[in-house]
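Asker: Pasted the sequence and its predicted model underneath.
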Amino acid sequence: MVYFETDRLVFRDWKETDLEEFRIMNKDTRVMKYFTKILTVEETDNFYNKIQNELRDYGYGLYAVETKESNDFIGFIGFHWANFISEFTPCIEIGWRLKYDAWGNGFATEGAKECLNYGFEILKFNKIYSFTSKINYRSENIMKKIGMKKIMEFDHPNIIEGSPLKKHVLYDVILTSEE
């Protein structure tokens, strides 16, 4: 199923043929630089199944993204039900992860903007969060470009003390009556 599109991207259900590319992407140290580790095949397969379950259970999730030009799977952009323990969870999070060779083309920004529109207009969300490690300037810049506002910094409870990834930035965007 295709959920929505931009001029250059298609947001769709995942295909089994995406799984091998997803495994490769999650082993790429450049893509996974701001995560605690690269993912094994088993961890990626478990994540893939979790994505499928969220799409089925919630009616939204981390959508597979492909380019219109080549029809190639380039990663995911979408929503996740974040439920780790913090003062702002549980919440709906927007997130993205793209293959390294898709970086630098504006795909994450373009896709995240349209995803926010879809979340507010179709899914009727009233607030969406995004967060990343404080040192992940690329993702934080995308949050700014799509109109999100920084609301705080926090220590992610699932990352060990002393890790440079522990400190996170939290952004949100709220649907207002003018929108």
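Answerer: Sure thing, it's come through.
Asker: Model confidence for Leu175, exactly?
Answerer: pLDDT, Leu175: 84.
Asker: residues contacting it?
Answerer: Taking CB atoms under 8 Å, 6 or more residues apart in numbering, we find Leu175 in contact with 120, 125-127. Heads up, the C-betas are built off the backbone N, CA and C, glycines and all.
Asker: buried subset of those residues?
Answerer: 120, 125 (16 or more other CB atoms under 10 Å).
Asker: Looking at the contacts of Leu175, which is nearest His80?
Answerer: Among these, Phe125 lies closest to His80 (CB to CB), at 12.4 Å.
Asker: before we move on, the earlier item: among the contacts of Leu175, which ones are in helices?
Answerer: Among those, the members falling in helices (DSSP state H) are Phe120.
Asker: Quick one: the contacts of Leu175 as JSON lines, columns for pLDDT and distance to Asp18 too.
Answerer: Formatted as JSON lines, the contacts of Leu175 follow (pLDDT from 0 to 100; distance: CB to CB, whole Å):
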{"residue": "Phe120", "pLDDT": "97", "distance to Asp18": "27"}
{"residue": "Phe125", "pLDDT": "97", "distance to Asp18": "25"}
{"residue": "Asn126", "pLDDT": "96", "distance to Asp18": "31"}
{"residue": "Lys127", "pLDDT": "97", "distance to Asp18": "30"}
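Asker: Among the contacts of Leu175, which lie within strands?
Answerer: Lys127 (DSSP state E).
Asker: With respect to Asn136, which of the contacts of Leu175 is nearest?
Answerer: Lowest distance from Asn136 to the contacts of Leu175 (CB to CB) belongs to Lys127, with 21.9 Å.
Asker: SS state for the residue nearest to the spatial centre of the chain?
Answerer: Nearest to the mean C-alpha position of the chain, by CA atoms, centre = their mean, lies Gly95 at 1.7 Å. Put simply, Gly95 is strand when judged by DSSP: H, G, I helix; E, B strand; the rest coil.
Asker: Can you give me the neighbour number for the nearest residue to Gly111 once chain neighbours are set aside?
Answerer: Distances taken as CB to CB, 6 or more residues apart in numbering place Ile77 nearest to Gly111, at 4.1 Å, with adjacent residues excluded. Counted with other CB atoms under 10 Å, residues neighbouring Ile77 total 26.
Asker: now swap in Phe35 and tell me
Answerer: Neighbours around Phe35, by other CB under 10 Å: 16.
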